[in-house]
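Undergrad: Model the structure of this input:
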Amino acid sequence: MKRHMVHKFLLCFISALVCLIFIELVLRIRSVRKDYQTAVYFRDVLQNENLSEKKSYRRIHDYIYYDKDGCMRFVPNVEGVHKSYDDKEKEILIRINSEGFRGLDLLDSPEKRILFMGDSIVFDGGVTRENTFVHGLEEFLNTGRRNRKDFRMEVLNFGISDSGIDQYYLKLKHHGLSLKPDFVFLGFYLNDAVSPQGFMGPHSLDVIERFFESDIMRCFKLAEYMGKKYRALKYANLEEFKERLQWVPRYIQRRFYRDRDEFMALVKEAHMDWGAAWVPESWIKVKYYLNKIKGLCDRNDITLILFCFPGEIQVYSDIEWSEFDYPQRQIQKITEELGIPCFDLLPSLRAYRYQYPLSDHPGLNLDGSDNQPKQIYQYLFADHCHYNRTGNRALLDILMTMIEEHPEVFAGLSVH
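TA: Here you go, the predicted model:
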């Protein structure tokens, strides 16, 4: 009887194992097919072939994972697609290098290495690498040197989507320090105080999610698939998840430009996203992690400089009042206390609203009256926070001006 039970158990175990192996093979074939289709897609783009046939291409964000230290990373040496910020019908090919971040491989021995850390704004997936402000900054710092091998200044794009201030600390501690940077440029955005787990508030990775994200389980496509399904099921039932984007309908109405009450109502509805910057308690977390980041930089002889990115509603609002720039005043107060140089990009970006007259890109009517001709200007944003190609050009101009006007802060970054 016992032998019969053992045989039955072994048969069930082997059958289950064979099924799991079969499913794993199917998922691996599917993954290879997606990678191949992505490569073929961009080969066809370069050859101007017909792309009318719709296929499934691997998104670049599918390659994000959490390492054993809880640090968000990209799988090294992969390619994936991201929707264009300038044409929603097109996609941008994103390449992740051998170190696990967007861009080319590291230079052998640059004089200065800069880590530009941040979220999806810094990652800038909706524009080609050549049009990102991070890439433009590296070229500016190496003016006159055409061959990248001769560059003396290196700027690394350490942006990763859906990350926040606590992830910046982990990213620097467990990834960035190993690259021995001389500078850390921290791109701070309004929602950086919110938890990076899909902006779900206090909810972090649970035991099951950490199991699927472990180094061993990430070797299996079946574990990757089951982990994604589990997270989708879990977060779909969270009230915080449902609240995260409840501000979108009001935002689409665009009444915040000239209506203070609409502006603040939009901020309140976005409290689980960028609206968190108007919640005083959020800044306790920001100060705590900025202090830890500064400690890492000080102990490793790294210069830390913060750039504060505003929201689109701030840049294009026609009215200003006491609460309008509350986030910028809070970050300035904290960075002054911690001794961190901080540059507020809001005033400069508001000035750049009128910098680029409309040519062949979507624009916005921002001035003039019913009795006067109205000038149309190119818009800087693709949505509520991400910058299109024109916006990236504006950001680059602003950063270049700041570096030139504040040599005492950017010591050692003189243009070569």
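Undergrad: gap between R148 and D108?
TA: According to CB to CB, to the nearest Å, R148 stands 11 Å off from D108. Glycine gets a C-beta too; all of them are placed from N, C-alpha and C.
Undergrad: More neighbours: which of these two?
TA: R148 (12 against 7; other CB atoms under 10 Å).
Undergrad: Check what pLDDT the more buried one gets.
TA: R148 carries a pLDDT value of 73.
Undergrad: That one reaches G103, doesn't it?
TA: No: assessed by CB atoms under 8 Å, R148 is found out of contact with G103, at 10.8 Å.
Undergrad: can you give me the strands in the chain?
TA: 64-66, 72-74, 78-83, 91-96, 112-118, 153-159, 183-188, 303-308, 342-344, 363-365, 376-378 (DSSP state E).
Undergrad: Mind listing the strands the fifth one pairs with, and their directions?
TA: In other words, strand 112-118. strand 153-159 (parallel), strand 183-188 (parallel) (DSSP bridges).
Undergrad: Export these as CSV, with columns for mean pLDDT.
TA: Output for those, formatted as CSV (pLDDT from 0 to 100):
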stretch, mean pLDDT
strand 153-159, 96
strand 183-188, 98
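Undergrad: Can I get the ones you listed in JSON lines including distance to E79 and mean neighbour count?
TA: Output for the strands paired with strand 112-118, formatted as JSON lines (distance: least, CB to CB, whole Å; neighbours: other CB atoms under 10 Å):
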{"stretch": "strand 153-159", "distance to E79": "15", "mean neighbour count": "25"}
{"stretch": "strand 183-188", "distance to E79": "24", "mean neighbour count": "24"}
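Undergrad: how about the strands of the chain, which one is nearest T128?
TA: Among the strands of the chain, the nearest to T128 by CB to CB is strand 91-96 (5.9 Å).
Undergrad: now the closest one and strand 78-83, what's the angle there?
TA: Angle of strand 91-96 versus strand 78-83, following axes from the mean of the first three to the mean of the last three CA atoms, to 10 degrees, is 150 degrees.
Undergrad: List the buried residues of strand 91-96.
TA: E91, I92, L93, I94, I96 (16 or more other CB atoms under 10 Å).
Undergrad: and which of the residues you listed is nearest to I319?
TA: Nearest to I319 among the buried residues of strand 91-96, with distances taken as CB to CB, is I92, at 35.0 Å.
Undergrad: Which strand residues bridge the closest one?
TA: Beta-bridge partners, per DSSP bridges, of I92: H82.
Undergrad: about what we covered before: as TSV, the buried residues of strand 91-96 with distance to L190 would be great.
TA: Converted to TSV, the buried residues of strand 91-96 look like this (distance: CB to CB, whole Å):
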residue	distance to L190
E91	27
I92	24
L93	29
I94	24
I96	26
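Undergrad: Could you single out the nearest of those residues to L156?
TA: So of these, ranked by how close each gets to L156 (CB to CB), first place is I96, at 12.2 Å.
Undergrad: thinking again about what came up before, relative to Q355, which of the buried residues of strand 91-96 is nearest.
TA: Nearest to Q355 among those, with distances taken as CB to CB, is I92, at 24.1 Å.
Undergrad: Kindly reformat the buried residues of strand 91-96 as JSON lines and extend each row with pLDDT and distance to N388.
TA: Shown next, in JSON lines, are the buried residues of strand 91-96 (pLDDT from 0 to 100; distance: CB to CB, whole Å):
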{"residue": "E91", "pLDDT": "90", "distance to N388": "15"}
{"residue": "I92", "pLDDT": "92", "distance to N388": "12"}
{"residue": "L93", "pLDDT": "91", "distance to N388": "17"}
{"residue": "I94", "pLDDT": "94", "distance to N388": "16"}
{"residue": "I96", "pLDDT": "96", "distance to N388": "22"}
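Undergrad: Of the residues you listed, which is the nearest to N291?
TA: I96 (30.5 Å).
Undergrad: now the helices for the protein?
TA: 2-46, 120-123, 133-141, 165-171, 207-213, 221-236, 239-244, 248-253, 260-269, 282-299, 312-315, 326-338, 346-351, 389-405 (DSSP state H).
Undergrad: okay, which residue is most central for the protein?
TA: The centre of the chain sits closest to S120, judged by CA atoms, centre = their mean, with a distance of 1.4 Å.
Undergrad: Got the phi and psi for the closest residue in space to that residue that isn't next to it in sequence?
TA: Leaving aside its chain neighbours, S120 sits nearest to S161 (3.9 Å; criterion: CB to CB, 6 or more residues apart in numbering). Backbone torsions of S161, given as degrees, to the nearest 10, read phi -60, psi 150.
Undergrad: Over to the one 3 residues further on?
TA: Note on G164: backbone dihedrals following degrees, to the nearest 10 are phi -140, psi -170.
Undergrad: Please report how far it lies from R113.
TA: From G164 to R113 the distance is 24 Å (CB to CB).
Undergrad: same deal with R353?
TA: On the measure of CB to CB, R353 and R113 end up 34 Å apart.
Undergrad: One more: S15?
TA: Look at S15 and R113: by CB to CB, they are 54 Å apart.
Undergrad: who's more crowded, the two?
TA: R113 (19 against 10).
Undergrad: got a list of what the more buried one touches?
TA: Residues near R113 by CB atoms under 8 Å, 6 or more residues apart in numbering: L107, E154, L156, L179, K180, P181, D182, F183.
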